[in-house]
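Colleague: structure of the sequence below:
(one chain, ligands or ions: 1)
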Amino acid sequence: MKESKVYDCTMIALDTHHSRKGNLSVVSNGREVPFDIRRVYYSYDIPGGQARGAHAHKQLYQLLIAASGSFTVTLDDGSVRRTFLLNHPYEGLLIVPGIWRVLDDFSSGAICLCLASETYDKEDYIRDYDEFIQYKHGQ
Ligand code: T46
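Modeller: So this is what the prediction gives:
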């Protein structure tokens, strides 16, 4: 989505149930996320100082959740950047297609859980920032 903006990306509060046994949060297709979940993956054991991401997707919608620990996500639409701190497992960051993202500042034990709208397709990635800018600005 060439015309998407970082303001199309937002933190979503998940349906969360508290009890004396602990807490439980739910994500359902079509409720908390505006897409059908076709893939789930998660990154973990991320060394201190390491960054992940540094790419954009052409078609993929995602919901990122700090299932454990914390990290920051910087989003970039080619014109504006926004940085989000993910540090609660009861909320998720919706990322629409056409947004460059960098994940960093991972805490010890952080788990980045991703619910995604499509199966894995390496052709959906833009991994070069100059190419991303060309894609967004159509040159
Ligand atoms: C994203 C951020 C938040 C697969 O084979 N299947 C998969 O579904 C995924 C996601 C990755 N891979 C392979 C491809 C690479 O050889 O796993 C390796 C690491 O993937 P990548 O370098 O893309 O990992 P991150 O953490 O930089 O990015 C991932 C997602 O790829 C991406 O969609 O937005 O998490």
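Colleague: spatially central residue for this structure, please.
Modeller: Centroid check for the chain by CA atoms, centre = their mean gives residue 64 as the closest residue, at 3.8 Å.
Colleague: ignoring the adjacent residues along the chain, who's closest to that residue?
Modeller: Once flanking residues are discounted, residue 64 sits nearest to residue 93: 4.6 Å by CB to CB, 6 or more residues apart in numbering. Just so you know, the C-beta spots here come from the backbone N, C-alpha and C atoms, and that holds for glycine as well.
Colleague: ditto for residue 99
Modeller: residue 75 (5.2 Å).
Colleague: so residue 131 lies in a helix, does it not?
Modeller: Yes - the assignment for residue 131 by DSSP: H, G, I helix; E, B strand; the rest coil puts it in a helix.
Colleague: okay, now it: neighbour count?
Modeller: Residues contacting residue 131 under the criterion other CB atoms under 10 Å number 11.
Colleague: now do residue 89
Modeller: Residue 89: 18 surrounding residues under other CB under 10 Å.
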